[in-house]
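Enquirer: Sharing a model prediction with you, sequence too.
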Amino acid sequence: MISGSHPLRQLFTELVERNYATVGMRDPAVTGYVANILTEFCEGENLYKIRDAEGRPLHDVGEMLLESDPVYGDAPSFDRERQVRKHIGDFTLFFAGMFPESLNRCRRRRISST
């Protein structure tokens, strides 16, 4: 875990607070959460910390969902389910922010197919 006083964490906190403030969002819990995701996911081991039964990191959200299922999947407990599903939410939030143009491509594909 990257310390609270690390310059990278301070940079992300400042940038997120400033950018969210421009749209009227001044909730420290939200800005702190987003800044924390950005900081922690700078380390690849945190981005891909969910692993399969063989210990290989999972890069696919579908595989992560299977890993999170305590009934039909590999999750040994409901605590593990919560941990994996939280990571999936953070992971998708991170990638949606990093690659917003991919969301527009998906939306255009869906609209053109109807």
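Expert: Now that the structure is in, tell me what you want to look at.
Enquirer: Every contact and neighbour count from this point should use C-alpha atoms.
Expert: OK.
Enquirer: Arg82 should be in a strand, yeah?
Expert: No: Arg82 is assigned helix when assessed by DSSP: H, G, I helix; E, B strand; the rest coil, not a strand.
Enquirer: What is the burial count for the nearest residue to it once chain neighbours are set aside?
Expert: Distances taken as Cα to Cα, 6 or more residues apart in numbering place Ser68 nearest to Arg82, at 7.5 Å, with adjacent residues excluded. The tally of other residues near Ser68 (other Cα atoms under 10 Å) stands at 27.
Enquirer: Identify the residues contacting Ser68.
Expert: Taking Cα atoms under 8 Å, 6 or more residues apart in numbering, we find Ser68 in contact with 74-75, 80-85.
Enquirer: Give the ChimeraX command for selecting the buried subset of the residues you listed.
Expert: Here is the ChimeraX command that selects the buried residues among these (16 or more other Cα atoms under 10 Å):
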select :74,75,80,81,84,85
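Enquirer: would CSV of the contacts of Ser68 with pLDDT be doable?
Expert: Formatted as CSV, those follow (pLDDT from 0 to 100):
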residue, pLDDT
Asp74, 78
Ala75, 83
Arg80, 91
Glu81, 93
Arg82, 95
Gln83, 94
Val84, 95
Arg85, 95
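Enquirer: Take the contacts of Ser68 and lay them out in JSON lines including distance to Val23.
Expert: Output for those, formatted as JSON lines (distance: Cα to Cα, whole Å):
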{"residue": "Asp74", "distance to Val23": "41"}
{"residue": "Ala75", "distance to Val23": "39"}
{"residue": "Arg80", "distance to Val23": "36"}
{"residue": "Glu81", "distance to Val23": "34"}
{"residue": "Arg82", "distance to Val23": "31"}
{"residue": "Gln83", "distance to Val23": "31"}
{"residue": "Val84", "distance to Val23": "31"}
{"residue": "Arg85", "distance to Val23": "28"}
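Enquirer: out of the contacts of Ser68, which one sits closest to Arg26?
Expert: Arg85 (26.4 Å; Cα to Cα).
Enquirer: ok so, going back, what's the pLDDT at the residue nearest to Arg82?
Expert: Among the per-residue scores, Ser68 holds a pLDDT of 92.
Enquirer: Repeat that for the one 4 residues further on.
Expert: Tyr72 is assigned a pLDDT of 83 by the prediction.
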